[in-house]
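# generate a structure from the sequence data that follows.
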Amino acid sequence: RLYQIPFEMPDCEGEGGTRTLHLVGDFSAPAEFFVTLGVFSFLYTMAALVLYLRFHSLYGENKKLPTADFCVTVCFAFLWLVAAAAWGKGLSDVKAATRPGSLIEAMAVCHGTDVVCSAGTTPAMGLANISVVS
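A predicted model of the protein is given here:
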């Protein structure tokens, strides 16, 4: 929800004050899907572990239970692939929306003839990249 993040920009058309701008974009849905699927996968894994360890005889006697477990596991694996791809796309959109060059281009104060605008630093996205890989 980048639109909730304000930042100050100098206002050169008046008394030298500042103007508050907001970033553009809402990329929260892919991240929420990724985290929700992770939580449900964890809960299912814990339930399956209890079933395997506590009710091992029930799991061995019932022939439909292993098949159902396999089908649920395959569904979770497919949804995990989809969620990782969605989060990867969402992260690349966040990177594009917060790139210092694009933010500078959006500032009207930087379009003057005698004005030089430059980005201080590029944000570090290493940990975010790792979250997509895992």
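# what kind of secondary structure is Leu21 in?
Secondary structure state of Leu21, per DSSP: H, G, I helix; E, B strand; the rest coil, is strand.
# in the sheet, who's paired with it?
Phe7 (DSSP bridges).
# quick check: it touching Pro6?
Yes - between Leu21 and Pro6 there is a contact at 7.0 Å, judged by C-beta atoms under 8 Å. Just so you know, the C-beta spots here come from the backbone N, C-alpha and C atoms, and that holds for glycine as well.
# dump the C-alpha coordinates for stretch 30-39 into PDB.
Taking C-alpha atoms only, stretch 30-39 is exported to PDB below (Å, rounded to 0.1, in the frame of the first residue of the first chain):
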ATOM      1  CA  PRO A  30       0.500 -10.700  -3.700                       C
ATOM      2  CA  ALA A  31       2.400 -10.400  -0.400                       C
ATOM      3  CA  GLU A  32      -0.800 -11.200   1.600                       C
ATOM      4  CA  PHE A  33      -1.500 -14.200  -0.600                       C
ATOM      5  CA  PHE A  34       2.100 -15.400  -0.200                       C
ATOM      6  CA  VAL A  35       2.000 -15.100   3.600                       C
ATOM      7  CA  THR A  36      -1.500 -16.500   3.900                       C
ATOM      8  CA  LEU A  37      -0.500 -19.600   1.900                       C
ATOM      9  CA  GLY A  38       2.600 -20.000   4.100                       C
ATOM     10  CA  VAL A  39       0.500 -19.900   7.300                       C
END
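# appreciated, that's everything.
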